[in-house]
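>>> let me see the structure of the following:
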Amino acid sequence: MTLTPVKLSRPASVTDAFLNQLVARVPGSGATWALTEVYTGDVLVELPQSTPADIERAFAVAREAQRKWAATPVKQRLAVFKRAHTLFVDRARAIADLIQVESGKNRRMAIEETCDPPMVMSHYLKRAAKLLAPVKRGGPVPLVTSSTEVRRPKGVVGIIAPWNFPFATGVSDAIPALMAGNAVVLKPDNKTALSPLYGVRLLEEAGLPEGLFQVVCGEGPDVGPALIDQADYVMFTGSTATGKVIGERAGRNLIGCCLELGGKNPMIVLEDADIGEAVRGAVFGAFGNTGQICMHVERIYLPESRYDEFKTAFVAAASALDVRAAYDFGPEMGSLVSVDHMRRVKSHVDDAVAKGATVLCGGKPRPDLGPAFFEPTILEGVTKDMLCGVTETFGPVVALHTYRTVDEAVELANDTDYGLNASIWSTDVPAARALAARIESGNVNVNDILATAFAAKGTPSGGIKNSGVGARHGDQGLLKYTDGQNLAVLKKQVMGPRPGQGYEKYVESMLSGLKTLRKLRLR
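Have a look, this model is predicted:
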């Protein structure tokens, strides 16, 4: 294949001086890494690579800043994020420029990604003060004992963010940790370090103390172990294989971790579904962010009676997508993140075809559009002996399947080691809700692919089975970054026999008291 160079001018906001300012905050006494513009393959900036010694120093600085931050009243901490919310919204276009330059996603997805941190801020600005406030509870003996639940920050939280949503995960996962009184050391992917670095800069512009939010860079095997060994808690988003390694190391260090991992997410279209709406949903579910969304759709299950109708409309819609490199809102799909990842996606499609699958549309790289472009691809005849039949492809590739009964659809949807996200389409919402209860998935959307679940910041979002441990969002998304301390007070010495009272008599009164407390519903 001969590559036709893409003639494209990067956004005016992304100057060499600006990029050098961003990467200057990364501690790096080792080599540098050439961070490239995905659309063209041109080098944007040399990114410092952090050594274990650099990481140790970053944690030391963060730990020192954290002590003062934890002692800062919650109201003052939250005031930083009130100011940050305005800054993030006002700078959304500049943030989107960076996201596009480093990831190659289309403008629509880039601007939507910029909205995630403000949404997270907005939610926890309403909830954090209540969640972090001490809660007084009853002690074992009414009136003379009490117990208070106190929330204490973990210390320094290590966050390992992926390349598919670098700004949303790198910044949004840090927000509740910082609100709770922690410091953060973030390791973004080398390919997409620019937008999270800018996010840290904006937080400091809003008043976040310098040193509290550190960024270290490097390849995962080089940087990850040192980060985990220094951290008091780890938040990771990425592959299941890497998540298992991180979870094991965190366990050896006796620290907690939250892992949002891979998925092989199903979409079930019921017989009464509006096919037009389902097709529009499937186009986004399969090809949004060029298929590089943890919760995107890779398997679509259709009733035999509606299969041809859906297939015809879906293939037509996918074939008509505007796929190209541009820094405006025209394209509906952009590039994959790298040439290496494009080759991985291609290998899944080639393997499927070699084993008997049929390509209904797409199926090929598009070097004429840019180094890492791949066509929107729809397959049928995919089986479990194919890579894309069981393994997350994480690209613009989706497989169509038929089912005879709803029970069979549920069985097929659940026939996977993953359980991150699922989608059900029906005009009978109560029936779809009942079906959702049978799906083994941390998130289930009815008549939507993923946005309704993920944008519901008040509800925890995470995976089950091999799709992860723990959750982001909801009360759990903040409380996981804290330890609960039980502050108990005994006002009078009543926890034992009174002077001169035999132990048998004390036991008799204690057991009688337990019955009385239960009868009065006091304990």
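>>> where do the strands sit along the stretch 201-350 of the chain?
Secondary structure of the stretch 201-350 of the chain, counting by DSSP state E, counting those that start in this stretch: strands at 213-215, 233-237, 256-260, 265-269, 297-303.
>>> quick one: list the elements packing against the fourth one.
The one in question is strand 265-269. helix 275-287, strand 297-303, helix 406-414, strand 421-425 (3 or more CB pairs under 8 Å, 6 or more residues apart in numbering; DSSP states H and E). All C-beta spots, glycine's among them, are computed from the backbone N, C-alpha and C.
>>> recalculate using a threshold of 10 Å.
Strand 265-269 is packed against helix 275-287, strand 297-303, strand 397-403, helix 406-414, strand 421-425, helix 429-436, strand 443-446, with contacts defined by 3 or more CB pairs under 10 Å, 6 or more residues apart in numbering; DSSP states H and E.
>>> how about the last one?
In terms of contact count using 3+ CB pairs under 10 Å, 6+ apart, strand 297-303 is assigned the packing partners strand 265-269, helix 275-287, helix 307-319, helix 387-390, strand 397-403, helix 406-414, strand 421-425.
>>> partners of that strand, with directions?
Looking at strand 297-303 with DSSP bridges, its partner strands are strand 265-269 (parallel), strand 397-403 (parallel).
>>> for these, give me CSV that also has mean pLDDT and distance to residue 59.
What follows is the strands paired with strand 297-303, written out as CSV (pLDDT from 0 to 100; distance: least, CB to CB, whole Å):
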stretch, mean pLDDT, distance to residue 59
strand 265-269, 98, 36
strand 397-403, 98, 40
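>>> coming back round to it: redo the helices and strands packed on strand 297-303 as a markdown table? Include distance to residue 15.
A markdown table is the format used below for the helices and strands packed on strand 297-303 (distance: least, CB to CB, whole Å):
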| stretch | distance to residue 15 |
| --- | --- |
| strand 265-269 | 39 |
| helix 275-287 | 32 |
| helix 307-319 | 37 |
| helix 387-390 | 41 |
| strand 397-403 | 36 |
| helix 406-414 | 48 |
| strand 421-425 | 38 |
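>>> identify whichever of those lies nearest to residue 351.
The closest of the helices and strands packed on strand 297-303 to residue 351 is helix 387-390. By CB to CB, the value is 4.7 Å.
>>> show residues contacting the closest one.
The contact list for helix 387-390, computed with CB atoms under 10 Å, 6 or more residues apart in numbering, reads 264, 298-299, 344-345, 347-352, 355, 357, 377, 379, 382-384, 393, 395, 397-399, 401, 415-418.
>>> which residues touch residue 360?
311-312, 314-315, 318-319, 377-381, 398-400.
>>> can I get the residues you listed in CSV with distance to residue 92 and neighbour count?
As requested, those are arranged in CSV below (distance: CB to CB, whole Å; neighbours: other CB atoms under 10 Å):
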residue, distance to residue 92, neighbour count
311, 38, 18
312, 38, 13
314, 32, 24
315, 34, 18
318, 29, 24
319, 32, 13
377, 31, 27
378, 33, 26
379, 36, 25
380, 39, 17
381, 43, 16
398, 30, 28
399, 35, 24
400, 36, 23
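>>> now for those: which two are most distant?
Among the contacts of residue 360, the pair separated by the greatest distance (CB to CB) is 319 and 381, at 18.7 Å.
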